[in-house]
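Enquirer: Predicted model, plus sequence, below.
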Amino acid sequence: MPTTVPGGVVHRDITTVVTGFSYLECPRWRDGRIWFSDFYTHRVCSATEGGGDLRVEAEVPHQPSGLGWLPDGRLLIVSMRDRRLLRREPDGTLATHADLSGHAAGHLNDMVVDARGRAYVGNFGFDLMGGAPIEPTNLLRADPDGTVTEVATDLGFPNGSAITGDDVLLVGETFANRVSAFDITVDGALANRRTWAAFSEPSNVAPDGCCLDAEGALWIADATGNRVVRAQRGGTILEEIHPGTGVFACMLGGEDGCTLFLCTAPDFVEEARKAAREAALLAVRVDVPRAGLP
């Protein structure tokens with residue numbers, strides 16, 4: 001059973017699903033399996049809920065990140081460094097689904113794909129690993145036919161994203177300490193931008209990967225806080241879990257939707273992660289099942 005201590009930290013049993021990777025991101029639950037990207041081994045992998053039957057689903061030389069699926073079941077993969085969205089065909093080959101290189105100011109990042117197959121893709125906006133000054137950037141939409149459209153601007157490192165059951169897009173802005181919300185219109189445009197949650201001292205959160213639960217709360221990996229938090233609209237933190245290492249993405253899944261998968265590593269420094277195999281996928285049982293997309 002979970003126990004709560006002063007300060008709202010909840011102690012739950014944490015298990016290791018898989019380990020020995022470079023830097024895991026963008027976990028997704030699909031077809032009874034947990035899928036994830038490993039940045040510096042350039043692989044997309046999947047495993048059963050308990051970590052068995054580990055498979056390499058795709059190899060992406062320019063570094064995989066966000067994952068999603070078209071309505072017909074084909075896998076979409078963000079290829080970060082050449083700024084393309086790849087599509088895995090039924091025979092396992094990868095094709096360019098959309099070329100975002102003329103629209104993104106930095107490496108592509110996480111994404112979420114809606115029920116119509118429209119992919120909303122973030123990008124760094126500046127040279128993060130090179131130590132460049134933080135710059136705002138845009139959010140791009142790649143349609144099923146490969147057309148690319150800028151749908152939002154002035155975002156502070158758009159990262160993990162989710163779509164609610166009533167077609168609201170939530171976008172975590174890592175370096176703005178907030179989650180922004182947009183209404184998704186029928187044609188895929190974004191409207192009515194507002195702040196869904198804002199975080200400030202002493203409870204700053206640098207939103208990385210995220211996922212929704214059935215009570216409308218958002219689980220958010222805190223990229224600088226070595227924790228995952230469950231937040232409600234407005235920014236109140238309902239629960240936080242500290243696994244003892246950095247947490248950079250999360251996803252609810254499992255047979256009943258109540259297994260929270262955590263992508264963990266000591267830090268997000270590229271050279272350190274390339275040189276080690278210290279990343280792991282952990283799992284925690286929580287009380288409220290998943291909802292929305294991804």
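Expert: Yep, it's here.
Enquirer: And for the closest residue in space to residue 89 that isn't next to it in sequence, the neighbour number?
Expert: In this structure, residue 89 finds its nearest non-sequential neighbour in residue 95, 6.0 Å apart by Cβ to Cβ, 6 or more residues apart in numbering. Glycine gets a C-beta too; all of them are placed from N, C-alpha and C. The number of residues packed near residue 95 is 11, by other Cβ atoms under 10 Å.
Enquirer: Residue 95 contacts residue 79, doesn't it?
Expert: No. Using Cβ atoms under 8 Å, residue 95 makes no contact with residue 79, being 11.3 Å away.
Enquirer: how far away is residue 54 from residue 83?
Expert: 29 Å (Cβ to Cβ, to the nearest Å).
Enquirer: how about low-confidence regions in the protein?
Expert: For the chain, the stretches with pLDDT under 70 are 1-10, 126-127.
Enquirer: In the strand or helix carrying the residue nearest to residue 89, which of the residues would be classed as buried?
Expert: Applying DSSP states H and E as the criterion places residue 95 in strand 94-99. Within strand 94-99, the residues scored as buried using 16 or more other Cβ atoms under 10 Å are 94, 97, 98.
Enquirer: Give the buried residues for stretch 267-286.
Expert: Applying 16+ other Cβ under 10 Å to stretch 267-286 flags 268, 270, 273, 278, 279, 280, 281, 282, 283, 284, 286 as buried.
Enquirer: could you list every residue that touches the second one?
Expert: For residue 270, the contacting residues are 40, 129, taking Cβ atoms under 8 Å, 6 or more residues apart in numbering as the criterion.
Enquirer: rerun at 7 Å
Expert: Shown in contact with residue 270 (Cβ atoms under 7 Å, 6 or more residues apart in numbering): residue 129.
Enquirer: what about it, distance to residue 39?
Expert: For residue 270, the distance to residue 39 - Cβ to Cβ - is 8 Å.
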